[in-house]
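Enquirer: Model the following, please.
(one chain, ligands or ions: 1)
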Amino acid sequence: MYRLGCVFAHPDDETFAAAGTIAKLARAGNRIDLFCATDGDAGRASGILVSSRAELATLRRAELTAAATILGIASLSTPGHGDGVLKEVDPDRLIGEIVLFVRRYRPDVLVTFGPEGAPTQHRDHRAISRAATAAFFLAGLPTEYPDQLREAEPHAPSRLYYTAWDPPATGSELMAESVPVTCRVPVSQYLGVKREAFLAHATQRQHQRRFEELTMLPAERYAFAAGVPQPRSVTEDLFEGL
Ligand SMILES: [Zn+2]
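Expert: Next up, the predicted model:
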């Protein structure tokens, strides 16, 4: 059994980017832990009446908890940074929070967005990618964030993957490209649970068309970024060869 650590920016990122993979791995007995940097307290709520950002944050945290339960995620780490302004958080602080997440939950593989910020190229996605990449390399070094060592030993995950996708067709709504795909995880059997997790994010239903078109595919795709090389150029399992 393996451990997967997921590091994303907003409640629902885990569902858009990796819900099929998470559901599949969890049901096979692997452990999945999720770090979600913001409470998603900016933006609209799909017609649900919300009177303040604080209320939206509370609602979205509850939605994330429900989606995590549906997918089989073992723990949620939610530092509650502001939605849309993640790059204004002191980078050393954000990296340190992810380093502590890695040291606590000791994932074999860490997954985050690519540096391009996923198909939406959202600035928070770009910021979390940089911070998670730095944390991947720093969490195993005892000389980094030494104050944490009272509560958790250094831990270096074996591999870092970025979420990725195939080049979009001409005329697609989102034209951003990702780093080349090196792992295609078959998830056809888990698309039902993936949609169920999406629907748990009730404030995000205005994005359902994008969700269906971009993410309800037979395989979720990733790009090898660092660590122990894959045994083949394209694999179907994030842990293959570990
Ligand atoms: Zn997001």
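Enquirer: Name the nearest residue to the closest residue to the ion within the chain, sequence neighbours excluded.
Expert: Here the chain gets closest to the ion at one residue, residue 10, 3.6 Å apart by Cβ to the ion. C-beta: built from backbone N, CA, C; applies to glycine. Nearest residue to residue 10 in three dimensions, chain neighbours excluded: residue 40, at 4.5 Å (Cβ to Cβ, 6 or more residues apart in numbering).
Enquirer: Three-state assignment for the nearest residue to residue 83 once chain neighbours are set aside, please.
Expert: Nearest non-adjacent residue to residue 83, counting by Cβ to Cβ, 6+ apart: residue 42, 3.9 Å away. The local conformation at residue 42, judged by DSSP: H, G, I helix; E, B strand; the rest coil, is coil.
Enquirer: my guess is residue 66 meets residue 200, correct?
Expert: Yes - Residue 66 is in contact with residue 200 according to Cβ atoms under 8 Å; the separation is 4.2 Å.
Enquirer: okay, these two: which has more neighbours?
Expert: Neighbours per residue (other Cβ atoms under 10 Å) separate residue 66 from residue 200, with residue 200 holding more: 21 against 17.
Enquirer: That one and residue 59 touch, don't they?
Expert: No - counting by Cβ under 8 Å, residue 59 is not a contact partner of residue 200; they are 11.5 Å apart.
Enquirer: ok, back up a step: list the residues that contact the residue nearest to residue 83.
Expert: Applying Cβ atoms under 8 Å, 6 or more residues apart in numbering to residue 42 gives the contacts 53, 56, 82, 83, 84.
Enquirer: what's the neighbour count on the fourth one?
Expert: Residue 83 has 22 neighbouring residues, counting by other Cβ under 10 Å.
Enquirer: repeat for the first one
Expert: Residue 53 is flanked by 15 other residues according to other Cβ under 10 Å.
Enquirer: Let me see the contact set for it.
Expert: Residue 53 sits next to 41, 42 when contact means Cβ under 8 Å, 6+ apart.
Enquirer: Swap in 10 Å and give it another go.
Expert: When contacts are counted by Cβ atoms under 10 Å, 6 or more residues apart in numbering, residue 53 touches 39, 40, 41, 42, 43, 82, 83.
Enquirer: what sits in contact with each of residue 200 and residue 59?
Expert: Contact criterion Cβ under 10 Å, 6+ apart; residues shared by residue 200 and residue 59: residue 11.
Enquirer: Can you check which helix is longest in this structure?
Expert: If you go by DSSP state H, the chain has its longest helix at helix 53-71.
Enquirer: Next, the buried residues of that one.
Expert: Residues 56, 57, 59, 60, 61, 63, 64, 66, 67, 68, 70, 71 are the ones in helix 53-71 that count as buried (16 or more other Cβ atoms under 10 Å).
Enquirer: pLDDT and distance to the ion for these - can I get that in JSON lines?
Expert: JSON lines is the format used below for the buried residues of helix 53-71 (pLDDT from 0 to 100; distance: Cβ to the ion, whole Å):
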{"residue": "56", "pLDDT": "95", "distance to the ion": "14"}
{"residue": "57", "pLDDT": "95", "distance to the ion": "14"}
{"residue": "59", "pLDDT": "95", "distance to the ion": "16"}
{"residue": "60", "pLDDT": "96", "distance to the ion": "11"}
{"residue": "61", "pLDDT": "96", "distance to the ion": "15"}
{"residue": "63", "pLDDT": "97", "distance to the ion": "13"}
{"residue": "64", "pLDDT": "98", "distance to the ion": "12"}
{"residue": "66", "pLDDT": "98", "distance to the ion": "17"}
{"residue": "67", "pLDDT": "98", "distance to the ion": "13"}
{"residue": "68", "pLDDT": "98", "distance to the ion": "16"}
{"residue": "70", "pLDDT": "98", "distance to the ion": "18"}
{"residue": "71", "pLDDT": "98", "distance to the ion": "16"}
